[in-house]
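> Sequence and predicted structure, then a few things I'm wondering about:
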There are 2 protein chains.
Amino acid sequence: MPSNARILVMTTQTRRERERAQREQQIVAAARELAETEGWEAVTTRRLAAEIEYSQPVLYSHFKGKSAIMTAVAVQGFEELADEVRAARTAARGTRDALAAVATAYTDFARKRPALYDAMFTHAVDLSFASPNTPAHLRNGFDEILQAVEPLAADDDPGILTETFWASLHGLAMLERSGRLPADLRGHRLDLLIGRFAPEAT
Amino acid sequence: MPSNARILVMTTQTRRERERAQREQQIVAAARELAETEGWEAVTTRRLAAEIEYSQPVLYSHFKGKSAIMTAVAVQGFEELADEVRAARTAARGTRDALAAVATAYTDFARKRPALYDAMFTHAVDLSFASPNTPAHLRNGFDEILQAVEPLAADDDPGILTETFWASLHGLAMLERSGRLPADLRGHRLDLLIGRFAPEAT
DNA sequence: ATAGGTGATATAGCGACGCTAGCATAGCGG
DNA sequence: CCGCTATGCTAGCGTCGCTATATCACCTAT
């Protein structure tokens, strides 16, 4: 019977595709966990293969190469960063509070997930940005910051001001993480930055 | 004759030391040039050895490893960055102009020498910073920015404010270089940043 | 001038890396 | 039940940073 045969084929196909998708997620999860616990230099294709209990070449049937795996991890990171920034922003009351909450959430994310943040911004340069074909998850984080900055833009372009504020947060996160700024003054620096972008207590 | 012998030994010693120092500089220069023309991924120890026309192991009689060579390049970069920022600052008239000049000089440096800037901030994490034993060249650049920021500090701590401003410049430079901020709005972003740190036209 | 000693340089190789070619095998369709 | 497809494996290629060992040139002292 063709209909039964088709259904059978379909189900085994879907099962296989499901298993394939699961394994792909396993790879990404293993890469992320390994990077977060031992750093990206410990993430090798052999190590990843051992982690998912498959041989090394199967990675290349899922991803074009190691950098594609890192990019997949980065995409996960962008989703989570957007979530955390959104949560912080919506929980805040006033305009200035919202900006401070966003800034704190952002830098906290970078500090608490350094390997993930590295994948997003230091590696994975092939990820498109600020262009029409930018994936949605990549824009979401920016839009969250935009929401907090926009009320403070006054005569300035909100988008450009958001870019500037975002860059400041990124710079703070990067320099702090490499030990180039004293860690104990982190709160002071954030306060000063907020003060410059939201002068009056609103 | 012991005196003649000593003198002979000294001169050959000093000649050797001079040659050694020259070769060491050759290594650093080769690494820098190779990185600036083909990127750091093209800088391999074999490639460097070929460039200075010596065998690979001689590199390890000068430097502990490849990362030490990159650190040496980074130190050169810090010296030059400090020079350029100082030149820009001393050429400026008013307070706000000085801040703008410093900001432009800094981001221009990062944009025009991306490989050098990468060595300074993305690689070479082992370079000590913000600690008592920080080498002088590393502090000079910071002090230059401090000179421009200090008059604008008002009630805020000048050092912490400088750290914050510096981080903003660093973030702008990094995000622009990876294509995450549109290049054509670079001037706009700098203007907005300057406006936030030096509100009134002084 | 020459033998002895010392330091500097090169050859060769180690283990690990990202990645790929080619083979075996398991599971499907007819 | 047979043949095909495609999936995953073993093995290996070229390159990486780095090092152990050998060789050789040069300086010292007789």
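Received the coordinates, thanks.
> And the next helix or strand past the lowest-mean-pLDDT helix or strand in chain A?
The helix or strand of chain A with the poorest confidence is helix A:2-38; it has a mean of 76 (mean pLDDT, DSSP states H and E). Note on helix A:2-38: by DSSP states H and E, the next helix or strand toward the C-terminus is helix A:45-51.
> Packing partners of that following helix?
helix A:2-38, helix A:59-62 (3 or more C-beta pairs under 8 Å, 6 or more residues apart in numbering or on different chains; DSSP states H and E). Placement of C-beta: from N, CA and C, glycine included.
> now do 10 Å
On a contact count with 3 or more C-beta pairs under 10 Å, 6 or more residues apart in numbering or on different chains; DSSP states H and E, helix A:45-51 meets helix A:2-38, helix A:59-62, helix A:66-91.
> nearest residue to the residue in chain A that DNA strand D sits nearest to other than its sequence neighbours?
Closest contact between chain A and DNA strand D, by C-beta to the nearest atom of the strand, is at A:S55 (3.0 Å). Spatial nearest neighbour of A:S55, chain neighbours left out: A:A49 (5.8 Å); criterion: C-beta to C-beta, 6 or more residues apart in numbering or on different chains.
> pretty sure the one you found contacts A:P57?
Yes. The criterion here is C-beta atoms under 10 Å, and A:A49 meets it with A:P57 at 8.2 Å.
> Give me the more crowded residue out of the two.
A:A49 (17 against 9; other C-beta atoms under 10 Å in any protein chain shown).
> and the more buried one, how far is that from A:E36?
For A:A49, the distance to A:E36 equals 19 Å [C-beta to C-beta, to the nearest Å].
> Same check on A:G77?
In terms of C-beta to C-beta, A:G77 sits 11 Å off from A:E36.
> Name the residues contacting each of those two.
A:113, A:115-116, A:119 (C-beta atoms under 10 Å, 6 or more residues apart in numbering or on different chains).
> and those, which of them are in helices?
A:115-116, A:119 (DSSP state H).
> of all these, which comes closest to A:D97?
A:L116 (26.4 Å; C-beta to C-beta).
> tell me the most buried of the helices and strands packed on helix A:45-51?
helix A:66-91 (a mean of 19; mean count of other C-beta atoms under 10 Å in any protein chain shown).
> wait, doesn't A:A100 sit right on A:A148?
Yes. With contact defined as C-beta under 10 Å, A:A100 reaches A:A148; the gap is 8.9 Å.
> So which of those two has more stuff around it?
More crowded of A:A100 and A:A148, by other C-beta under 10 Å: A:A148, with 27 against 21.
> Would you agree the more buried one is in contact with A:F142?
No. Applying C-beta under 10 Å, one finds A:A148 not in contact with A:F142, separated by 11.2 Å.
> Need the residues touching each of the two.
Counting by C-beta under 10 Å, 6+ apart, the residues touching both A:A148 and A:F142 are A:85, A:162.
> Check whether whichever strand or helix holds A:L190 comes near chain B.
Taking DSSP H and E as the criterion, A:L190 maps to helix A:186-197. Yes. Under the criterion of C-beta under 10 Å from any C-beta of the partner chain, helix A:186-197 makes contact with chain B via A:186, A:188-193, A:195-197.
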